[in-house]
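*Asks:* sequence and predicted structure below; questions after.
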Amino acid sequence: MRLEKRNHISPAAYVAAPVGAVVFTLLISGLLVLWAGAPVGRTYGLLVQGAFGSVFALTETLTRATPLILTGLAAAVAFRARLFNIGAEGQLYAGALAAVAVGGLHGGTGLEWSPWLLFPLMMLAAALAGALLLLGPALMKSRLGVDEVVTTLLLNFIALLLVSALLDGPMKDPLSMGWPQSVALQGDLELSKLVPQTRLHTGLLWAIGLAVILWAILRRTVPGFDIRAAGANARAAAFAGVPITRTVVLVALLSGGLAGLAGAIEVAGRTGYVTLDMSPGYGYSGIVIAMLAGLHPLGVIAAGVFVAGVLVGADSMSRAVGVPTYIADVIVATSLIAVLVATLLTQYRVKWK
């Protein structure tokens with residue numbers, strides 16, 4: 001068996017690939033649901049209802065989708081340039097810490113500046129913290145050929161250990177009664193609610209806006225062309241005059257900055273302070289979302305809502321029919337593999353010897 005590249009890919013194939021991947025995912029997951037002794041139709045119906053069936057369910061899904069979209073964008077722009085950033089989890093925590101360091105109630109007061117000045121400074125500090133955490137591995141790859149998968153992955157553990165030390169040390173909230181959490185963010189710097197009496201905040205608008213901006217950068221600007229060219233073939237791009245090192249630095253700033261903003265927006269929109277369990281793996285889930293979206297910034301929005309809907313809907317579905325919530329992880333993982341295989345088959349045909 002060998003793969004032969006197709007000379008022409010029809011528009012119908014691009015539509016059929018994700019549809020086929022979804023059908024395959026539903027079939028595989030349905031077998032597991034039957035194995036658990038639950039009716040497949042009712043299980044899927046409850047999953048959709050739990051994610052989108054009410055105002056509360058929809059707002060919870062969109063709240064969960066906000067950091068997923070941002071970490072998905074971070075992975076998408078990095079992977080576009082073949083800079084495999086696996087460190088968005090650590091960059092998210094670095095951004096959250098930087099946000100609290102600038103906008104927190106240190107000593108009960110914090111910086112006594114206008115919120116109109118302090119809020120952008122807080123967001124800038126978060127983006128810079130995430131970007132700097134990725135800049136080192138990016139430069140080591142560009143200059144020394146060091147594998148960025150290893151360095152960014154290991155930096156996640158270093159960042160989490162640093163967070164743990166700070167939450168038990170200089171950034172610990174004296175009012176937390178011994179619980180390891182940071183000082184609280186100033187109330188004036190918290191994001192407003194989009195829907196009253198829900199957890200949905202304006203961070204969702206930030207995520208959507210940044211996705212549109214990133215799409216425009218990649219499609220309509222010279223640096224965006226350089227990023228795409230470096231990802232397609234770095235050696236050929238360098239021969240054509242693309243500044244590879246400068247492009248890698250730009251990608252590191254964009255990718256790490258987006259992950260850092262995810263941490264700041266989580267603090268400002270949902271938690272109000274930093275804890276070690278603030279992120280249930282948003283940085284790693286962002287990689288899945290980026291791949292589901294085909295590394296397209298606008299597709300990341302849909303993929304983020306899909307993954308968030310599966311995760312939120314699985315909680316209520318599990319209580320109703322007794323299927324473990326881990327079925328959500330199976331659906332997400334299977335859909336990723338199915339989309340990758342379907343995309344491969346649209347570009348290559350299988351030839352049997």
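*Replies:* That came in fine, so what should we check first?
*Asks:* shaky segments in the stretch 151-300 of the chain?
*Replies:* By pLDDT under 70, the stretch 151-300 of the chain has no low-scoring segment.
*Asks:* start from the N-terminal end of it and give the helices.
*Replies:* Secondary structure of the stretch 151-300 of the chain, counting by DSSP state H, counting those that start in this stretch: helices at 203-220, 222-232, 234-239, 244-266, 282-292, 297-321.
*Asks:* ok, which of those comes nearest residue 337?
*Replies:* helix 282-292 (9.6 Å; Cβ to Cβ). (Glycine included, C-beta is placed from N, CA and C.)
*Asks:* starting at the chain centroid, how far to that closest one?
*Replies:* Centroid separation for helix 282-292 versus its chain: 5 Å, with Cα atoms, centre = their mean, to the nearest Å.
*Asks:* in JSON lines: the helices of the stretch 151-300 of the chain, plus distance to residue 73 and mean neighbour count.
*Replies:* What follows is these, written out as JSON lines (distance: least, Cβ to Cβ, whole Å; neighbours: other Cβ atoms under 10 Å):
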{"stretch": "helix 203-220", "distance to residue 73": "6", "mean neighbour count": "18"}
{"stretch": "helix 222-232", "distance to residue 73": "13", "mean neighbour count": "18"}
{"stretch": "helix 234-239", "distance to residue 73": "22", "mean neighbour count": "14"}
{"stretch": "helix 244-266", "distance to residue 73": "5", "mean neighbour count": "27"}
{"stretch": "helix 282-292", "distance to residue 73": "8", "mean neighbour count": "25"}
{"stretch": "helix 297-321", "distance to residue 73": "5", "mean neighbour count": "22"}
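*Asks:* in a markdown table: the ones you listed, plus distance to residue 126.
*Replies:* Putting those into a markdown table (distance: least, Cβ to Cβ, whole Å) gives the following:
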| stretch | distance to residue 126 |
| --- | --- |
| helix 203-220 | 12 |
| helix 222-232 | 22 |
| helix 234-239 | 30 |
| helix 244-266 | 3 |
| helix 282-292 | 14 |
| helix 297-321 | 19 |
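*Asks:* max-length helix in the protein?
*Replies:* When the chain is parsed with DSSP state H, its longest helix is helix 115-144.
*Asks:* which secondary structure elements does that helix contact?
*Replies:* helix 88-103, helix 148-167, helix 244-266 (3 or more Cβ pairs under 8 Å, 6 or more residues apart in numbering; DSSP states H and E).
*Asks:* what is the last one packed up against?
*Replies:* In this structure, helix 244-266 packs against helix 55-80, helix 88-103, helix 115-144, helix 203-220, helix 222-232, helix 234-239, helix 282-292, with contacts taken as 3+ Cβ pairs under 8 Å, 6+ apart.
*Asks:* so residue 185 bridges to which residues?
*Replies:* On the basis of DSSP bridges, residue 185 is bridged to residue 104.
*Asks:* what about residue 330, how many residues nearby?
*Replies:* 17 (other Cβ atoms under 10 Å).
*Asks:* so it belongs to a helix, correct?
*Replies:* Yes - judged by DSSP: H, G, I helix; E, B strand; the rest coil, residue 330 forms part of a helix.
*Asks:* returning to that earlier point: out of the helices and strands packed on helix 244-266, which gets nearest to residue 48?
*Replies:* Going by Cβ to Cβ, the one of the helices and strands packed on helix 244-266 nearest residue 48 is helix 55-80, 9.4 Å.
*Asks:* now the helices and strands packed on helix 115-144 in JSON lines, with distance to residue 36?
*Replies:* Output for those, formatted as JSON lines (distance: least, Cβ to Cβ, whole Å):
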{"stretch": "helix 88-103", "distance to residue 36": "30"}
{"stretch": "helix 148-167", "distance to residue 36": "33"}
{"stretch": "helix 244-266", "distance to residue 36": "33"}
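*Asks:* tell me the contacts of residue 247?
*Replies:* 81, 223, 226-227, 230 (Cβ atoms under 8 Å, 6 or more residues apart in numbering).
*Asks:* mind putting those into a markdown table with distance to residue 332?
*Replies:* As requested, the contacts of residue 247 are arranged in a markdown table below (distance: Cβ to Cβ, whole Å):
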| residue | distance to residue 332 |
| --- | --- |
| 81 | 25 |
| 223 | 32 |
| 226 | 32 |
| 227 | 27 |
| 230 | 29 |
